[in-house]
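Asks: Build me a model:
(one chain, ligands or ions: 1)
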Amino acid sequence: MPPLSSNIKEAYETARKARENAHAPYSGFTVGVALKLLNSNELVTGCNVENASYGLTLCAERNAFAAAIVKYRILEPEFMVIVSETTPPSPPCGACLQFMAEFCQPGFEIYLANTKGIQERLLLKDLMPRPFQMKFWSVKS
Ligand code: THU
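Replies: Prediction:
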């Protein structure tokens, strides 16, 4: 990784702390996220929240975006740091990528990290080149 700016390092620490709140008693796989928005210096956090009815599980990334919408309504997402414990670090799942594509530009930066630090920088378009978008559909009568 090239040298990282101080706000990315701060976001890593914030995501690492958010991961400690993960509720993952079933998988044991904990994820923490810090989302930076252009319109705010505050980082919005997320962690995964599992449920005894497994399919109800909420991913850390979607929780962060939902929390940001609750707080700001309109988002200008700048970058996100995701911390898990795998090597190499895990990317967001397909459902989360589709969810992010609703609010982010293709150049949205995603930093993948594990407990050793940030390992990789990707853009949303690298992971999700063609998200589903309603505007692509025209309703014919
Ligand atoms: N998980 C996330 O939080 N983000 C992802 O992008 C993929 C998976 C969580 C869901 C579940 O609690 C655990 O990781 C194992 O799938």
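Asks: This protein: helices as residue ranges?
Replies: Secondary structure of the chain (DSSP state H): helices at 6-19, 60-72, 94-101, 124-127.
Asks: what comes up buried for the shortest one?
Replies: When burial is assessed from 16 or more other C-beta atoms under 10 Å, helix 124-127 yields the following buried residues: L124, L127. From N, CA and C alone the C-beta is placed, and that goes for glycine too.
Asks: Distance from it to the middle of the chain?
Replies: Helix 124-127 sits 12 Å away from the centroid of its parent chain (C-alpha atoms, centre = their mean, to the nearest Å).
Asks: Residues of the protein that sit close to the ligand?
Replies: Counting by C-beta under 6 Å from any ligand atom, the residues of the chain lying close to the ligand are 24, 27, 29, 31, 48, 50, 57, 59-61, 92-93, 96.
Asks: can you redo the residues you listed as CSV with distance to E120 and pLDDT?
Replies: CSV is the format used below for these (distance: C-beta to C-beta, whole Å; pLDDT from 0 to 100):
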residue, distance to E120, pLDDT
A24, 22, 98
S27, 22, 98
F29, 18, 98
V31, 15, 98
N48, 20, 98
E50, 25, 98
T57, 24, 98
C59, 19, 98
A60, 17, 99
E61, 15, 98
P92, 12, 98
C93, 16, 98
C96, 16, 98
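Asks: Narrow those to just the buried residues.
Replies: Buried by 16+ other C-beta under 10 Å: A24, V31, N48, E50, C59, A60, E61, P92, C96, out of the residues of the chain next to the ligand.
Asks: Looking at those residues, spot the one nearest P2.
Replies: Among these, P92 lies closest to P2 (C-beta to C-beta), at 21.9 Å.
Asks: residues contacting the residue nearest in space to the middle of the chain?
Replies: Centre of the chain computed as the mean C-alpha position; nearest residue by C-alpha atoms, centre = their mean is E61, 3.5 Å away. When contacts are counted by C-beta atoms under 8 Å, 6 or more residues apart in numbering, E61 is found next to V31, V33, G46, M80, I82, P92, C93, C96, F99, M100.
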